[in-house]
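# Sequence plus predicted model, see below.
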Amino acid sequence: MSDLFHEEMPFSYIDKVMDIIEKTPRHVYQILTKRDERMKQYFSSRKIPSNIWLGVTVESDKYVSRIDNLREIDANIKFISMEPLLSDMNGLNLKGIDWVIVGGESGVGARPMNSEWAMNIKDQCKDQKTAFFFKQWGAWGADGRKRSKKANGRILEGKVWEEYPVFV
């Protein structure tokens, strides 16, 4: 796993990746990046294979502009990964966004995720008819205790949230 749109990744290499993706239509490829502007530049002059889901990471309000750039790309499925979710995210514009994934941070220096932040995003997804997927709590559980992400699980508001976008 890496960021396909890293600055050191030549577009000629990305072209080869896209060629393989087009030749394997039975697979769905989820491409996630923090480099939204470079992704937008790449696809401004290229056709996007129909079996690609394009996404951007938006971990806090500081990076909401990535959603606007994603929205301008003509992909069949567009998604946002809010993992790790590091702050509350109010007033999200999810127009044209098919899927939102939320999760907490893992690892030694993990910062806690507030359950209200995740529920706020869930509610915004519901209101804007965007699929919501709660991936995991990360290193900090809903009870504020630090332990393994596996032990903290995936339960939010008493249930597992596994919505997926509708695609053809």
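The structure has been received and is ready for your questions. Numbering: from 1, shown residues only.
# all strands of the protein, in order?
29-33, 52-57, 77-82, 99-103, 131-136, 155-156, 159-160 (DSSP state E).
# Relative to Ile121, which of those strands is closest?
strand 99-103 (5.4 Å; CB to CB). All C-beta atoms are positioned from the backbone trio N, CA, C, and that covers glycine.
# residues contacting Val17?
Leu4 (CB atoms under 8 Å, 6 or more residues apart in numbering).
# how close does it sit to Lys23?
11 Å (CB to CB, to the nearest Å).
# what number of residues lie near the closest residue to Lys122 other than its chain neighbours?
Nearest residue to Lys122 in three dimensions, chain neighbours excluded: Phe132, at 5.0 Å (CB to CB, 6 or more residues apart in numbering). Residues near Phe132, counting by other CB atoms under 10 Å, number 21.
# next one: the one 5 residues further on
Residues contacting Trp137 under the criterion other CB under 10 Å number 26.
# Per-residue pLDDT of the closest residue to it other than its chain neighbours, please?
Counting by CB to CB, 6+ apart, Trp137 lies nearest to Asn152, which is 3.8 Å off, once chain neighbours are set aside. On pLDDT, Asn152 comes in at 95.
# Asn152: neighbour count?
21.
# Do a quick rundown of the helices in this protein.
For the chain, the helices defined by DSSP state H occupy 11-23, 36-43, 65-71, 115-127, 149-152.
# and the residue positioned nearest the centre of the chain, what is it in contact with?
Closest residue to the average C-alpha location of the chain: Ser81 at 1.9 Å, with CA atoms, centre = their mean. Neighbour list for Ser81: Leu32, Gly55, Val56, Thr57, Val58, Ile101, Gly103 [criterion: CB under 8 Å, 6+ apart].
# If we use 6 Å, what do you get?
Leu32, Gly55, Thr57, Ile101 (CB atoms under 6 Å, 6 or more residues apart in numbering).
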